[in-house]
Every structure is written in structure tokens, then in C-alpha cells.
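Q: Sequence and predicted structure, then a few things I'm wondering about:
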Amino acid sequence: MNEQLTTDNADRHFDVVVVGAGVIGLATAFELRRRGAEVAVVEAAPMAGTGATRVAAGMLAPVGELDFGEPALLEINLLSASLYPDFVAAVEEITGHDTGYRRLGGLHVALDRDEASELKRVLELQLSLGLDSKWLGPAASRELEPGLHPGLNGSVLVEGDGVIDPRALSAALVDALDQLDVPIAFSTEVTSLLLDDGAGQSDPVVSGVRLSDGRTISAPTVVAAGGAESGRSEWLPEADRPPVRPVKGQIAELRGDPSDPVCSRILASERVYLAPRNDGRLIVGATVEEMGYDTAVTAGGIHELLREAYRLLPDIAEMEFIEATAGLRPGTPDNLPVVGPASTPGLILATGHYRNGILLAPVTAVAIADLVESGAGPGDSATGPMSAAAPIRFRSDGDSSPPERESTTGDRVEAG
Ligand code: GLY
């Protein structure tokens, strides 16, 4: 059990409060703590990883979902994939948990000629970027994955693709934080951001958060890692609320014989992907729906997934149907995450990871820890490829000055 935030330690001074215990928030807290920071985590749900993390297939396919016109995202994806082995090793070493991390490769399949010409265009793009992908004809594709539909046109093999079990990763991170004495307050909402107005001498700066039970946690840095909720989190000052929208995804989970798996790599067609787990489960994902905050599992959504999965790999028909779930990805206008300082000094955003939240956990955690260590403030951004994720890109005037404070009635003012 993680140490609880009690009345005593809730009033303790922390270096950083992370709001949100999805994989992004947990990985960020883990990285900060490993670097010596005193960290607390606050989560509205009764347990960790109940948002997009719970529904994610855990595909670590940096080039798999590559689209034209997204070179900045590709760079971030590749960087994060390169950080994965060390990240997983650190979590597994501390906890002894198996997170299901495997570099098993991916096969991106074209089922007909139209899909093949599109896939070949993507392959050319991948090769022009120096990526190690290759085209396989139908026979070579089926030699690697005999269960593939015999009528397939061809495939692109990406050896570096991997998978992880996001639920196992989330559980391992909670355990790791426990062992590192990081308290997590579950079933607790942040109701407002505490700001110190410096007796009116300077712009207000973050001094902590107020919780739904009335307690406060003091900290000079607050990391907002609320996933799809970030765009409507009222505790965030309006000027710093990122343009994050929920993008619904439904998945189906099937189970087969682990000693005779239906496939041994990630398989993806234009409309569906299949991510195998060590224990014989197969995740079939995912719909992409603009439905607001609706998380209903629909007959039509699951029908479409299973139909497309069957077109790709007919053997799925023999598998046991375990469950169907839906979750909300945090989408952004340019599909890049929102990671970096907000305009309120001390507030850092770590959200908007859209289809790549699991893949981008390590690079986000490192970027946030670097920002905290360097004392970065409004107007600064993460270094390297992650600079493209700076929240400032969404401020119309590119203005890094903090928002108007909402109250000036005392030393301490609250936003949200
Ligand atoms: N990256 C998989 C998905 O968003 O469905």
C-alpha cells in the first residue's frame, strides 16, 4: 500500500505534486523521485491507470502509426522508444514485476492493392528517414505469421516495434513509488491551484494544491497529468487549460492458448491492430471516435473491430472473448503532446499524448524532470525533440506572461 496522504503529511512540503496517476503521471513521479525530489501524487479515481492507460493496447510502435506531415512526432516517438529498455529495467528491478515488455516486431499488412499502394508510400517515407523497415510479399509475410489471411497483398516489417502491458506497467509503477516513499492520494480531486502572490511584488507563483477533502499540499511545482480530463480541469487557470479533447477508443480483448499463439508479432492493417500478450491474450484495437466524454462500448464499434481483425487473422474466430472496453485519448489540434511549463510559474503540463501515451511515458518523464531540475519557467521549453511539445505553441500571442490572478485578497490566492 502506498503511504497515504494524512493530515500530517498533506501539510508536509513536497517539491512536486503530480496530479493524475495514469502512466504519464506515474512515470513522471517515478523519474522525479529517482532524481531525489520529494513527490506526492493525487488521483481522482480510487486506483491508478483508470483512464486511457486501462484501455491502451501498449503498442510501442514509433513508426507504425506514422503519418505524413508529422516529423516532430516521429522524432519524439523514436526518442521515447530508445528510452524504453532502461525505463522498464528500472521499474522491474525495483519491484520485481513483469511489465510484459517485449520487442517482438510488427507487421503492417496491406490486405488489397489500394492498401498496398498506401503502405508502400509510408514505407518510402520510413526509408527516407533512415528507418529500418522492409517490404515483404505475401509468401514472406505468411512465413513469419502463418495465420495471416492468405489473400493479403504484402506487409512492412518493423523489427523494432514492441509491446508492454499498460495495466501491468501501471501496477509496477505504483509499487515502485510505494517503495520510494511517494504517497498517492486516491479518490481525491484537486479543487484549486494555490498561488502565492508574493505580497503583490511579483506575479503569482504556484505554492501547492487544495484537495476535495479540504486539505492542502504545499509544493512550488505542480504537474498536471490529467489525460483527456485536462481540457476541462477547472482547477487549471483558464489561460493554462490546454486544448485537449477526448478521442474515444474501443478495444476488444480475446484469449487463446499461450503455447500456441495466433501471432507472434504486432499485426496491423489500415483499420485494426492486434497486440499479443505473453499469457495468450490478444488486444484488438481500436476505434477512433469524436464522441466527447462518452465511454459507452457499442455493438457497432466492437463489430467493426472484430470484422477487421478477422479479415487480417481468421484464427481469431476460435479465441475466447474476454471483454470490451472504451477509453478516452487526450487529443490535441496537432497530435503532438503538451509537455512543458504553463504561463503560471510553477505549473507544468504533461498531457495531450493522444495515440502514444504509453510509448511517450519515458520521454515525458525525463523532459519534466529536466525542466524541474533546471528551474524552468514560463516561456521555457523542454530540450531536443520535446521542445515541439511546448504548451506555449497554443497561446495565440505566444505570450509567456502569467494569467491575471483571480483574487488578490491575501498572500495566497486560488485559481480554478
Ligand atoms: N496507439 C493506439 C491507439 O491509440 O489506438
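A: Arrived safely. Numbers count the residues shown, from 1 in each chain.
Q: OK, now which residue of the stretch 201-350 of the chain is nearest to the ligand?
A: Residue nearest to the ligand within the stretch 201-350 of the chain: Ala286 (3.6 Å; CB to the nearest ligand atom). C-beta coordinates here come from the backbone N, C-alpha and C atoms, glycine included.
Q: State the phi and psi torsions of the nearest residue to that residue once chain neighbours are set aside.
A: Nearest residue to Ala286, sequence neighbours excluded (CB to CB, 6 or more residues apart in numbering): Gly249, at 4.0 Å. Here is the backbone geometry of Gly249 (degrees, to the nearest 10): phi -130, psi 130.
Q: which stretches of the stretch 251-400 of the chain form strands?
A: With DSSP state E, counting those that start in this stretch as the criterion, the stretch 251-400 of the chain has strands at 266-268, 273-276, 281-285, 320-331, 338-341, 347-351.
Q: and those as TSV, adding mean neighbour count and distance to Leu60?
A: Formatted as TSV, the strands of the stretch 251-400 of the chain follow (neighbours: other CB atoms under 10 Å; distance: least, CB to CB, whole Å):
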stretch	mean neighbour count	distance to Leu60
strand 266-268	25	9
strand 273-276	26	10
strand 281-285	24	13
strand 320-331	18	16
strand 338-341	27	18
strand 347-351	28	19
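Q: So which of those is nearest Ser133?
A: Of all the strands of the stretch 251-400 of the chain, strand 266-268 sits nearest to Ser133, with 12.6 Å by CB to CB.
Q: Please list the residues outside the closest one that contact it.
A: 59, 61, 64, 104-109, 145, 148, 161, 163, 273-276, 312-313 (CB atoms under 8 Å, 6 or more residues apart in numbering).
Q: Now, those residues that are in helices?
A: Residues of the contacts of strand 266-268 located in helices (DSSP state H): Leu312.
Q: For the buried ones among the contacts of strand 266-268, write the corresponding ChimeraX selection.
A: A single ChimeraX command selects the buried members of the contacts of strand 266-268 (16 or more other CB atoms under 10 Å):
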select :59,61,64,104,105,106,107,108,109,145,148,161,163,273,274,275,276,312,313
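Q: if we look at the ligand, which of the contacts of strand 266-268 are close to it?
A: When CB under 6 Å from any ligand atom is applied, the members of the contacts of strand 266-268 adjacent to the ligand are Met59.
Q: Next to the ligand, which bits of the stretch 101-250 of the chain? Give me the list.
A: For the stretch 101-250 of the chain, the residues in contact with the ligand (CB under 6 Å from any ligand atom) are Gly249.
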